[in-house]
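Asker: Make a model of this:
(one chain, ligands or ions: 2)
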Amino acid sequence: MFATLLFVLMFALTSGNARRCQLGFTNLGRGCYLFSHNHATYAEANSFCLFFGSHLADITSKNEDDLIRSYVLRNGKGSQFYIGATDLRAEGIWTWEHPLRKVVGYTNWYPGEPNNHEGKEHCMVIHYGHRFKWNDAYCYTKARFICEQSRI
Ligand code: MAN
Ligand code: CA
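Answerer: Numbering: from 1, shown residues only. Ligands and ions are numbered 1, 2, ... in the order given. Down below sits the predicted model:
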């Protein structure tokens, strides 16, 4: 009896915690996302997310994509955000930072993208001007970014 109560109590506590997002992160669907207000290069943004126990956002389903896009359409007017994919290791092969360099499956590129403009575009962004569909962009532009903490 006591063991059962303890188990129920622990489950309630841990599942409760799992539903919460860390300070600064927004609860969207099944994930927690931080929409930065500061601007950083891709590498800086990647480090920032890791420092806060997160990773640059990976968008792996239409549902997740719709949630993020509707959020930035409302709150990110005029902005460009890095999300967590590059083709830095092999041109044209896009991989997510998380989980470790998994090849991008679901995609939502803006028409005509990725175009590797001037042969210098290896980092994924979503931009207001493209209604936040995906673009490959220069990795050294200072842009806003989206970190993600997956919920367990
Ligand atoms: C700019 C950049 C490129 C993008 C084109 C689209 O040159 O944002 O990444 O492909 O515009 O016209
Ligand atoms: Ca491009």
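Asker: Residue 64 belongs to a helix?
Answerer: Yes - counting by DSSP: H, G, I helix; E, B strand; the rest coil, residue 64 is part of a helix.
Asker: To what extent is the residue nearest to it when sequence neighbours are not counted buried, counted in neighbours?
Answerer: Computed as Cβ to Cβ, 6 or more residues apart in numbering, the closest residue to residue 64 that is not its neighbour in sequence is residue 29, at 6.4 Å. Glycine gets a C-beta too; all of them are placed from N, C-alpha and C. Residues near residue 29, counting by other Cβ atoms under 10 Å, number 14.
Asker: what does the model give the spatially most central residue of the chain for pLDDT?
Answerer: By Cα atoms, centre = their mean, the mean C-alpha position of the chain lies nearest to residue 57, the distance being 1.4 Å. For residue 57, the model assigns a pLDDT of 98.
Asker: pretty sure it contacts residue 72?
Answerer: No - Residue 57 lies out of contact with residue 72 (Cβ atoms under 8 Å); the separation is 10.8 Å.
Asker: Spatially nearest residue to residue 103, not counting backbone neighbours?
Answerer: Nearest to residue 103 is residue 95, by Cβ to Cβ, 6+ apart, at 5.5 Å.
Asker: Bridged to the one you found, which residues?
Answerer: Taking DSSP bridges as the rule, residue 95 bridges to residue 86, residue 103.
Asker: how about it, what does it touch?
Answerer: Shown in contact with residue 95 (Cβ atoms under 8 Å, 6 or more residues apart in numbering): 85-87, 89, 101-104.
Asker: Next, format the residues you listed as CSV and append pLDDT.
Answerer: Shown next, in CSV, are the contacts of residue 95 (pLDDT from 0 to 100):
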residue, pLDDT
85, 98
86, 98
87, 98
89, 96
101, 90
102, 93
103, 96
104, 97
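Asker: Select only the buried ones of the residues you listed in ChimeraX?
Answerer: To isolate the buried members of the contacts of residue 95 in ChimeraX, using 16 or more other Cβ atoms under 10 Å:
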select :85,86,87,104
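Asker: For ligand 2, state which of the contacts of residue 95 is nearest.
Answerer: residue 87 (11.2 Å; Cβ to the ion).
Asker: for that closest one, phi and psi?
Answerer: Phi and psi for residue 87, reported as degrees, to the nearest 10, are phi -120, psi 40.
Asker: wait, doesn't it sit right on residue 122?
Answerer: Yes - the criterion here is Cβ under 8 Å, and residue 87 meets it with residue 122 at 5.2 Å.
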